[in-house]
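Asker: below are the sequence and a predicted model for it; my questions follow.
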Amino acid sequence: MFLNMRAGEGIEVEGLARVFKDVRAVDGIDLSIRPGEIYGFLGPNGAGKSTTVHMLTTLLPPTSGRATVAGYDVVREGAKVRSVIGAALQEAALDPFLTGREHLRLQASLHSIHGEQRTQLMGKLLDRVGLTFAADRKVRTYSGGMKRRLDLALALIHDPAILFLDEPTTGLDPQSRTALWEEVARLAREEGVTVFLTTQYLEEADVLADRVGIIDHGHIVAEGTPAQLKAEIGKPTVEVVPEQPQELERLRGLLARFGTETASRPGAHAVQLDGHGALPEVIRALDLEGLRAEQINLHQPTLDDVFLAKTGRSLEGAESE
Amino acid sequence: MRVFATQVVLIAQRSFIRTFRQPGVWIPPLLFPLMLMAVNSNGLRAATHLPGFPTNSFLDFFLPFSFMQGALFASAIAGTDLARDIDTGFLNRLALTPVRGSALLLGQIGGAVGLGAVQAVVYLFVGLIAGVHVDAGAAGALLILVLAVLIAVGFGTLGLWLGLRTGSGEGVQAQFPLLFFTLFISSMNLPRNLIEVGWFRDIATVNPVSYFIEALRSLIIEGWNAEALLLGFGLVLGLIAVAMALAARQLKVRMART
Amino acid sequence: MRQRIDVATAVAYRQTTILLKNPSLFLPPMLFPLLNFTAFAGGLSRLRHVPGFDFHGGYTAFQFVFVLLQSAAFGGVFTGFGIARDFERGFARRLLVSAPRRSGIVLGYALSALIRWIMIAAVLTCVALAVGMKIGGDGVDVFGMYALAVLMNQIGVLWACGVAMRFRTVQAGPLMQTPVFMALFLAPVYVPLHLLRGWIHAVARVNPLTFLLESGRGFIEGEPTQVAAAFGVGLGLVAFFVVWSYSGLRKAEAAGG
């Protein structure tokens, strides 16, 4: 199926780093992605996600470290890497004056796919991404969702073994986003395509990815399946904001009876509860001690909690830095 | 070799289609030089009364200006289009295909070549209708078209270099007056021997644009002037070579794929 | 009236501040006239030997007047680009909402165009004097020449303002620029009017800018000519384009900015 792929090889990364002047955008990361896996690379803006993708897709040479994609070294065997990967990068990167069909024709031809084979492939892909009706319209008339679908079709035209998707659903409406998720899941499940997906959307990583790597300031701070990562954080967390800020210390002492302290927002205190059903006891204890709470929040663990636990910051909060 | 040629043709096709699907891009370069030719050839007609002026028809003398101005427009278009590709990430898309850098450059020139050819035919046709007489005959007229296209290729490639350097359409447009300046300080308006101001004449003498203009002009008002033709063709091929080298080097920087 | 002036000075202050913080904005309206000045005064000076060329002030001065008027016109047009950008970015809507007297907005843009052009004219004049331009006229004559250029500047900005307010997009730039460019080049740019022949002579004869150009050359030569006609035409055009620009403002208001 994948003519050039060395059988059984996914993506291997060892100490990969990229420095721009004084900025270490990617600071020595290690990754191992199995063939056929959907790997979610999650992090806020500026974390190093796109830089990593650019290095793995041979668009940017690494400053140090090693990476192989489908068994080919990204530095020494760049052309071979490009022959087995498809990429839909952060910008849709389309020519507004060409039609969808012309884009596909150009992409296929550059990959030396000609004649009847090209025609059939184009028809199949247009159908699969639902763009047959718009194939002969200029791309500038396309909606954002249509552009993303065309982008995906272009990434798949040469039947790649490994697909890189850099924030593929940013700016899309919920319907288009779901449609793209379904297609990505189908590619991995039915065609065995390895997918390296970067995203800043927790839900996307949670729903799609077999495994998730969380990157922040160029380092991987956590890695595992979504379930494993959330289980590390594990039990529910209760976070209390006292009505009187000066009561925070008293609150701290009280909550220590119910669980282990964990990271919280400024002005609040949070603990990871020791047992289920401890929340009613917490509320009862607050009441008995006369400690009035402005807010009580119960969190079931999310990937944002994982990020918060590892970095001390919320993923949404990290967006605004 | 066949793969390389196919790549050049594919990129050129795209460049050509893209240019001609934007009427706002290719119509002004057709009309504006013609308008200026009409205005300037009449406004400067009195120059034919100067002793030593090589022809009675200022239109014959001035026609090459249109080809030169057309070439500058081709330069701006080529550069802006490539800058847009960098800006939108389309260059990255191409970088992920097997396309060779040299094929990419040669193909990108495709739009400039196409536009240059159309412009050259239109300017010559309008000139002939307006009364221009080509002393070198039909063969000379053909050579005018060939040289005009080569000049468009040369400036178009310079435009690519600017596009690669700046990575933005505004950056290319900002450099455009400098290219225009090379046209202004040449023998565009008067033969070099009739330029009175010493420093201006000296600059016009070392300015390669003067020789492009003089080569085109020689076919119209002199017939076959081997020296003018050799200088014109030689320098334009040199311009193409230098511009290609600059653009190729800049492409390596821009498209830093491994 | 007071409110109108307040609005005008606020708009002009903002435009001028932007200009001073972005010196590169000076470049386009300065570069084109300088390029023309270099090419024409430097490359075409021999035209003064054409039989019948009766301008005695030197070819540099002859071309300086054209370039001065061109810089004035384009200084106005480039302000029009800025107005269009303000509409595209929504800032014009802020002005329309805040200004108690909206006519002051147009006045402010016109004032800022004049301020911009004064700086450019200073540079052009210095360059011309540095290359040996001779001024045959006295102080009154020189004042007259610059006064004509001021009228040209206001014609340019009011024309461009009217276009910008009607279209409210920078894509209207060529529409602002091309008619002004053609009007300038359909005047006697390279030789005096009486040396033009054919259709260009017929067009230049009725081109209103010819009056300003020929009169300006008369001033710099020290032999004022067609002064009343030039100022009459100039003021008439300013009045016409005041109406044009204010009607553009009304259209912009009706469209909600």
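Answerer: That came in fine, so what should we check first?

Asker: hmm, who's touching stretch A:162-173?
Answerer: For stretch A:162-173, contacts defined as CB atoms under 8 Å, 6 or more residues apart in numbering or on different chains pick out A:5, A:10-11, A:49-50, A:53, A:56-57, A:69-70, A:84-90, A:144-145, A:148, A:151-152, A:155-156, A:176-177, A:180-181, A:184, A:187, A:193-201, A:204. Bear in mind the C-beta positions are built from the backbone N, C-alpha and C, glycine included.

Asker: please name the nearest non-neighbouring residue to residue C:119.
Answerer: When the adjacent residues along the chain are set aside, residue C:119 lies closest to residue C:26, with 7.0 Å between them (CB to CB, 6 or more residues apart in numbering or on different chains).

Asker: look at that neighbour and tell me its secondary structure.
Answerer: helix (DSSP: H, G, I helix; E, B strand; the rest coil).

Asker: let me know the distance separating it from chain B.
Answerer: The spacing between residue C:26 and chain B, counted by CB to the nearest CB, to the nearest Å, is 13 Å.

Asker: count the neighbours of that residue for me.
Answerer: 17 (other CB atoms under 10 Å in any protein chain shown).

Asker: show me what contacts it?
Answerer: C:19, C:116, C:119, C:120.

Asker: residue A:181 now?
Answerer: Taking CB under 8 Å, 6+ apart, we find residue A:181 in contact with A:169, A:204, A:207, A:208.

Asker: separate out the buried members of those.
Answerer: By the neighbour-count criterion of 16 or more other CB atoms under 10 Å in any protein chain shown, these include these buried positions: A:169, A:204, A:208.

Asker: in helices, which of the contacts of residue C:26 appear?
Answerer: C:19, C:116, C:119, C:120 (DSSP state H).

Asker: nearest to residue A:98, of those residues?
Answerer: Sorting the ones in helices among the contacts of residue C:26 by how near they are to residue A:98, with CB to CB, puts residue C:19 at the top with 39.8 Å.

Asker: how about the closest one, nearest residue that isn't a chain neighbour?
Answerer: Computed as CB to CB, 6+ apart, the closest residue to residue C:19 that is not its neighbour in sequence is residue C:25, at 5.4 Å.

Asker: wait, the one you found sits on residue C:17?
Answerer: No. Under the criterion of CB atoms under 8 Å, residue C:25 makes no contact with residue C:17, lying 11.4 Å away.

Asker: who's more crowded, those two?
Answerer: Neighbour comparison, residue C:25 and residue C:17: the larger count goes to residue C:25, with 17 against 11 (by other CB under 10 Å).

Asker: show me where the stretch 1-150 of chain C has strands.
Answerer: For the stretch 1-150 of chain C, none of the segments meets the definition of strands by DSSP state E, counting those that start in this stretch.

Asker: among the buried ones among the contacts of residue A:181, which are located in helices?
Answerer: Judged by DSSP H, the subset of the buried ones among the contacts of residue A:181 located in helices is A:204, A:208.

Asker: and of the buried ones among the contacts of residue A:181, the nearest to chain B?
Answerer: For these, the residue nearest chain B by CB to the nearest CB is residue A:169; the value is 16.8 Å.

Asker: can you tell me how far that closest one is from residue A:197?
Answerer: For residue A:169, the distance to residue A:197 equals 10 Å [CB to CB, to the nearest Å].

Asker: which neighbours do these two share?
Answerer: Overlap between the neighbourhoods of residue A:169 and residue A:197 consists of residue A:204, taking contacts as CB under 8 Å, 6+ apart.

Asker: would you pull up the residue in the stretch 1-150 of chain C closest to chain A?
Answerer: Evaluated by CB to the nearest CB, the stretch 1-150 of chain C has residue C:88 as its residue closest to chain A, separated by 18.5 Å.

Asker: which residues touch that residue?
Answerer: The contact partners of residue C:88, by CB under 8 Å, 6+ apart, come to C:168, C:169, C:170.

Asker: between those residues, which is closest to chain B?
Answerer: In terms of CB to the nearest CB, no member of the contacts of residue C:88 lies closer to chain B than residue C:170, at 11.4 Å.

Asker: which pLDDT value belongs to the closest one?
Answerer: Reading off the per-residue confidence, residue C:170 sits at a pLDDT of 83.

Asker: spatially nearest residue to it (excluding sequence neighbours)?
Answerer: Distances taken as CB to CB, 6+ apart put residue C:84 closest to residue C:170, at 4.7 Å, once the chain neighbours are dropped.

Asker: once you drop chain neighbours, what's closest to residue C:175?
Answerer: Skipping the residues right next to it in sequence, residue C:175 comes nearest to residue C:163 by CB to CB, 6+ apart, at 5.6 Å.

Asker: residue A:256 - how many residues pack around it?
Answerer: Applying other CB under 10 Å, we find 12 other residues in the vicinity of residue A:256.

Asker: what's the spacing between it and chain C?
Answerer: Applying CB to the nearest CB to residue A:256 and chain C gives a distance of 53 Å.

Asker: so where's the chain shaky on pLDDT?
Answerer: Going with chain A. Segments of chain A classed as low confidence (criterion: pLDDT under 70) are A:1-8, A:275-277, A:316-321.

Asker: hmm, I had chain C in mind actually
Answerer: Counting by pLDDT under 70, chain C contains low-confidence residues at C:257.

Asker: distance of whichever residue of it sits closest to chain A from residue C:88?
Answerer: Chain A sits closest to residue C:171 of chain C, with a gap of 14.8 Å, by CB to the nearest CB. Distance, residue C:171 to residue C:88, using CB to CB: 9 Å.
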